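> Have a look at this prediction, sequence included:
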Amino acid sequence: MKLLREVGVDRQRVEQARGAERRALSRTQCRLADPTAYREVRYVQFEHVAGEETWAEVATLFVSSFSAPPYNEPPAELQSIDRWGPECLAGPGGRLVAASHDEHVIGFALSQRLDQDSSWQRRLKEMLPERDAAITPSRTVIVQELAVDERFRGRGIAKQCIHHLLSSRTENDAILGVYGQVPQVREMYGRWGFSEMGASLIYGGSVTLHALHHRLPWSA
């Protein structure tokens, strides 16, 4: 009887081990099917300065995001973010948030204060000749860029980048621009609490730029 019990226990252990192997294999297959499963996205916030390696990855992501349809912007122009991006970050209101996965940048957001960007000030003046006096350039932050790797979209990464970008700021207002050919992006910002201020034609009239506004502090 003792031998039979031991054999039974051994068989039970074998079955338990096989079950554990099957569960482990199932988890492995899930990880293979979804490369992002069980892996963490880290958000790193840079104030006024970021390393060359970070900017190189930001530039690569920026080019891949906006040279593709529906934007179709020239890659060479997009690549120049590795030159003007650090200048933007270094000035008042400069902040860069980088989302990383497996030590690679998969999303980012970049800000600058409105009084540091004459083109945005001119654009807003054209859109709103009688601009709300409550919006003061030195107390308003511009979300200059936001991008997420196509493979990681729909996971809330863009919203988290904006959250880190706009939280704990001294400014009173945030403004960003959205192209007319991506109404779904404008709708997304609307769900986050942004409202439209106005629109203007850019690139010789071929593209409509919508200016959206969010009162700070950020609470979405």
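Cool, got the structure.
> Give me the nearest residue to the residue positioned nearest the centre of the chain, chain neighbours excluded.
In the chain, the centroid-proximal residue (C-alpha atoms, centre = their mean) is Ala158; its distance is 3.4 Å. Residue nearest to Ala158 in three dimensions, not counting chain neighbours: Val148, with 5.0 Å by C-beta to C-beta, 6 or more residues apart in numbering. Just so you know, the C-beta spots here come from the backbone N, C-alpha and C atoms, and that holds for glycine as well.
> what about that neighbour, how many residues close to it?
Around Val148 there are 22 other residues, counting by other C-beta atoms under 10 Å.
> Roughly how far does it sit from His214?
19 Å (C-beta to C-beta, to the nearest Å).
> One more: Gln79?
When C-beta to C-beta is the yardstick, Gln79 and His214 sit 29 Å from each other.
> More neighbours: these two, which one.
Regarding Gln79 and His214, a neighbour count based on other C-beta under 10 Å identifies His214 as having more, with 21 against 14.
> Okay, now the sheet partners of the one helix or strand the more buried one maps to, with direction.
Secondary structure here is read from DSSP states H and E; on that basis His214 sits in strand 207-215. Sheet neighbours of strand 207-215, with direction, are listed as strand 173-179 (antiparallel), strand 195-202 (antiparallel) (DSSP bridges).
> which stretch in those has the least confidence?
The stretch with the lowest mean pLDDT among those is strand 195-202, at a mean of 92.
> if we look at that strand, which residues are touching it?
With contacts defined as C-beta atoms under 8 Å, 6 or more residues apart in numbering, strand 195-202 is touched by 123-124, 126-128, 175, 180, 186, 207-214.
> Any buried residues in it, and which?
Buried residues in strand 195-202, defined by neighbour count with 16 or more other C-beta atoms under 10 Å: Met197, Gly198, Ser200.
> Return the closest of those with respect to Phe62.
Of all these, the one with the least separation from Phe62 (C-beta to C-beta) is Ser200, at 22.8 Å.
> Point out where this protein drops to low pLDDT.
For the chain, the stretches with pLDDT under 70 are 1-39, 129-134.
> Quick one: the strands paired with strand 207-215 as JSON lines, columns for distance to Glu52 too.
Compiled in JSON lines, these are given as follows (distance: least, C-beta to C-beta, whole Å):
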{"stretch": "strand 173-179", "distance to Glu52": "26"}
{"stretch": "strand 195-202", "distance to Glu52": "30"}
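> Identify whichever of the ones you listed lies nearest to Pro75.
Across the strands paired with strand 207-215, Pro75 has its closest neighbour in strand 173-179 (17.1 Å, C-beta to C-beta).
> Any idea how far the following helix or strand past the closest one is from the middle of the chain?
With elements assigned by DSSP H and E, the helix or strand that comes after strand 173-179 is helix 183-191. Distance of helix 183-191 from the chain centroid (C-alpha atoms, centre = their mean, to the nearest Å) equals 14 Å.
> who's in contact with helix 183-191?
Contact with helix 183-191 is made by Ala158, Leu176, Val178, Tyr179, Glu196, His210, Leu212, as judged by C-beta under 8 Å, 6+ apart.
> swap the cut-off to 6 Å and go again
When contacts are taken as C-beta atoms under 6 Å, 6 or more residues apart in numbering, the neighbours of helix 183-191 outside the stretch itself are Val178, His210, Leu212.
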